[in-house]
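Novice: Quick check, what structure comes out for this input:
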Amino acid sequence: MRAQDYTLSLQCSSAAFEAYCKLSGMEDGEAKAAKANLGDFQKLGWYICLLCAVQEFLILSQLSNMTFMIYGGYSPSVKNCGPVEFSGSDRERCLHLSAARNSSSCEVGLDAQFHSVNYEFNLICEDAVLVKNSISLQMFGVMVGALVFGQLSDLFGRKRILLLCLLGMFSCSMLSSLVTSFAAFNVARFFVMVFTGGQSSVHHVFIMENLPKKHRVWTVTLISYSPNYIIFSGIAYFAGDWRALSRYSSLAANIPAMILMCLAHESPRWFVQKGRLEEARQVLVSIDRFNGTLTEKRLAEMDDVLDKEKMVIDSQRKRKRYSFVHLFYTWKLAGYILTLSFALMSASMISYALMFNMDKLSGSIYLNSVFFGLFRYAMNLLVGLTDYFVPKAGRKLIHNVAMGFIFIALFSVFLSTLLQWENAAWITRTATLSAAAMCSQLFLVSGIATTELFPTAVRNLAVSFTAILNRAGSIVAPHLFYSALLWKPLPYFIMLAVITFEMTSFNLVIPETKGTHMADHMPRPEERIFAKKRKTTATTGLLESQ
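Specialist: Residues are numbered from 1 along each chain as shown. Model prediction:
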């Protein structure tokens, strides 16, 4: 191939490159290698547009529940106790309220931008910790859901489990809006979050398994949490109270998501992993027909790849059912899963700690949410464009830039709090919102690296495992700022220490995965931890080549 032709091919998209190969009459090994594995049949077409619509409503339904307590757990300010008006900080108002209650019984007046469960059930001052406990309980539900439904999706398919989770989210959200006590609210929201955890662990794998390799990052950055924060803040503004918010958000997200999921196909990669090659072929043919790209040549190439997959599956007839133990099958996989889990746990702890403390920031909670969503979306678009147009900008570079930004932002808040700067409120508001927004890049990079590093057989298990520790961070997050009672800058000091350790481990253990093929098969038995080396056979050689 001429050097000029090679340069041009690098700059083209996969579809344009395919057309260029036909025009230039290229028949060399590089052109033929384009269909070397199953992932190369996934093309950017109409079916991907359908999946983008599915992705949007899955994310909106997930975000509506994950961030519900930003509004649902909003802490109102104590305005008065009977005729006695209070002023000062929230802590000072609570002290005045406690003194007023000791001397007489009075009706407490509250000032709130949103009528939360705190407002309705009078959970203020020292009782506000009950709401933080509720958030931790809900996040524990997410962990349970990720664990249970991650396994179920590997057994019964991604599509079925996603539909089950969406139905559960819708039903429990509607039920939660009808409860009459805070205890009943906790029970209903726990089950909402169990199904949300299942949806979050399965939907990412389902989408990533269906996206072309070159278009993974820009697609998931374009359609992500970020713009949906703005949408959700609008829903919250018009809802006005937590009951209406629960109903409106569920109707707006879960119903369209269920309809669109019924139109989508099961992941062909899952069919292949289960040895159901004919069903995988039917899905690939249906997708090609939907895209208008079905040709005799593509059918022949498809059959050739599936025949190779069949040879591998026939050699694994006595294969065992995979579990979380297989994530530690080799030293390399063990290092990957532990490092990525800690990376997501760190991002989750920092992000949710800052978000669930948003009610303490100055200004409107709605405008703060809009700024948060816009800044986060701007960073997502910048990262997506950089990833697509700058080949050397890999996953690790994006991770390091994002973590560096968060470190600087939180360090500025740490200093302003420690030294009690005059403009500390403005610095805290801006730095907190921007740091929390930048955490989206950490979720993105760690999530994509997880799907790219782990084989198909355990990929969803890997996502579920990382989601478990991810949610462990979100369970701790609501209580992180209570450490300020010991030392005011302590929450920020803790987050800075976590960032330092996470950056070090990520750069030492995780390889660059940009531009690599997803692994379709597990490592060979002799590669497992403490295994003895054995000679390579024809079958194991084929497995290795896959």
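Novice: Point out where this protein drops to low pLDDT.
Specialist: Low-confidence segments of the chain, defined by pLDDT under 70: 1-41, 217, 309, 312-320, 526, 531-546.
Novice: can you rerun that using 50?
Specialist: Within the chain, the ranges that satisfy pLDDT under 50 run 1-34, 536-546.
Novice: In stretch 101-120, which residues are buried?
Specialist: 108, 112, 113, 114, 115, 116, 117, 118, 119 (16 or more other C-beta atoms under 10 Å). Quick note: C-beta positions are derived from backbone N, CA and C, even for glycine.
Novice: likewise stretch 292-303?
Specialist: For stretch 292-303, burial by neighbour count (16+ other C-beta under 10 Å) applies to 293, 294, 298, 301, 302.
Novice: Rebuild the buried residues of stretch 101-120 as CSV, extending it with secondary structure and distance to residue 350.
Specialist: Formatted as CSV, the buried residues of stretch 101-120 follow (DSSP: H, G, I helix; E, B strand; the rest coil; distance: C-beta to C-beta, whole Å):
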residue, secondary structure, distance to residue 350
108, strand, 34
112, coil, 27
113, coil, 25
114, coil, 24
115, strand, 29
116, coil, 23
117, helix, 25
118, helix, 24
119, helix, 28
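Novice: Show me the protein divided up by domain.
Specialist: For the chain, the TED database gives the domain ranges 77-111, 320-520.
Novice: List just the one of those that sits closest to residue 260.
Specialist: Among the domains of the chain, domain 320-520 comes nearest to residue 260, with 20.6 Å by C-beta to C-beta.
Novice: quick one, phi psi at residue 80?
Specialist: Per-residue torsions, residue 80: phi -160, psi 170 (degrees, to the nearest 10).
Novice: That one touches residue 108, doesn't it?
Specialist: Yes: using C-beta atoms under 8 Å, residue 80 is in contact with residue 108, at 7.5 Å.
Novice: residues contacting residue 386?
Specialist: 393, 398 (C-beta atoms under 8 Å, 6 or more residues apart in numbering).
Novice: Next up, identify which helix or strand it is on.
Specialist: Using DSSP states H and E, residue 386 falls within helix 365-389.
Novice: Tell me the spacing between residue 187 and residue 141.
Specialist: 10 Å (C-beta to C-beta, to the nearest Å).
Novice: Equivalent analysis for residue 134, please.
Specialist: In this view, residue 134 and residue 141 are 11 Å apart by C-beta to C-beta.
Novice: Need the residues touching each of those two.
Specialist: Shared contacts of residue 134 and residue 141, counting by C-beta under 8 Å, 6+ apart, come down to residue 189.
Novice: now for the helix or strand harbouring residue 289, which elements pack on it?
Specialist: If you go by DSSP H and E, residue 289 is part of helix 277-291. For helix 277-291, the elements it packs on are helix 46-66, helix 268-273, helix 296-314, judged by 3 or more C-beta pairs under 8 Å, 6 or more residues apart in numbering; DSSP states H and E.
Novice: relative orientation of it and helix 296-314 in degrees?
Specialist: Angle, helix 277-291 to helix 296-314, by axes from the mean of the first three to the mean of the last three C-alpha atoms, to 10 degrees: 150 degrees.
Novice: chain center to helix 277-291: distance?
Specialist: How far helix 277-291 lies from its chain's middle: 28 Å, per C-alpha atoms, centre = their mean, to the nearest Å.
Novice: what angle sits between that helix and helix 46-66?
Specialist: Relative orientation of helix 277-291 versus helix 46-66 (the same axes, to 10 degrees): 100 degrees.
Novice: Can you pull out the residues in contact with helix 277-291?
Specialist: 38, 41, 43, 45-47, 50, 265-266, 268-269, 271-272, 294, 298-299, 302-303, 306, 309-310, 313.
Novice: Convert that helix to PDB, retaining C-alpha atoms only.
Specialist: Provided in PDB are the C-alpha atoms of helix 277-291 (Å, rounded to 0.1, in the frame of the first residue of the first chain):
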ATOM      1  CA  LEU A 277     -24.600 -18.900  16.600                       C
ATOM      2  CA  GLU A 278     -27.700 -19.200  14.400                       C
ATOM      3  CA  GLU A 279     -29.500 -16.600  16.600                       C
ATOM      4  CA  ALA A 280     -26.400 -14.400  16.500                       C
ATOM      5  CA  ARG A 281     -26.500 -14.700  12.700                       C
ATOM      6  CA  GLN A 282     -30.200 -13.800  12.600                       C
ATOM      7  CA  VAL A 283     -29.600 -10.700  14.700                       C
ATOM      8  CA  LEU A 284     -26.600  -9.600  12.500                       C
ATOM      9  CA  VAL A 285     -28.700 -10.100   9.300                       C
ATOM     10  CA  SER A 286     -31.600  -8.200  10.800                       C
ATOM     11  CA  ILE A 287     -29.300  -5.300  11.800                       C
ATOM     12  CA  ASP A 288     -27.700  -5.200   8.300                       C
ATOM     13  CA  ARG A 289     -31.100  -5.300   6.700                       C
ATOM     14  CA  PHE A 290     -32.300  -2.400   8.900                       C
ATOM     15  CA  ASN A 291     -29.200  -0.500   8.000                       C
END
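Novice: mind checking how far residue 210 is from residue 271?
Specialist: Applying C-beta to C-beta, the value for residue 210 to residue 271 is 12 Å.
Novice: do the same with residue 524
Specialist: Note on residue 524: its distance to residue 271, by C-beta to C-beta, is 23 Å.
Novice: Residue 508: how many residues sit nearby?
Specialist: If you count neighbours by other C-beta atoms under 10 Å, residue 508 ends up with 9.
Novice: helices or strands next to the helix or strand containing it in the packing?
Specialist: Using DSSP H and E, residue 508 sits in helix 490-509. In this structure, helix 490-509 packs against helix 331-355, helix 395-419, with contacts taken as 3+ C-beta pairs under 8 Å, 6+ apart.
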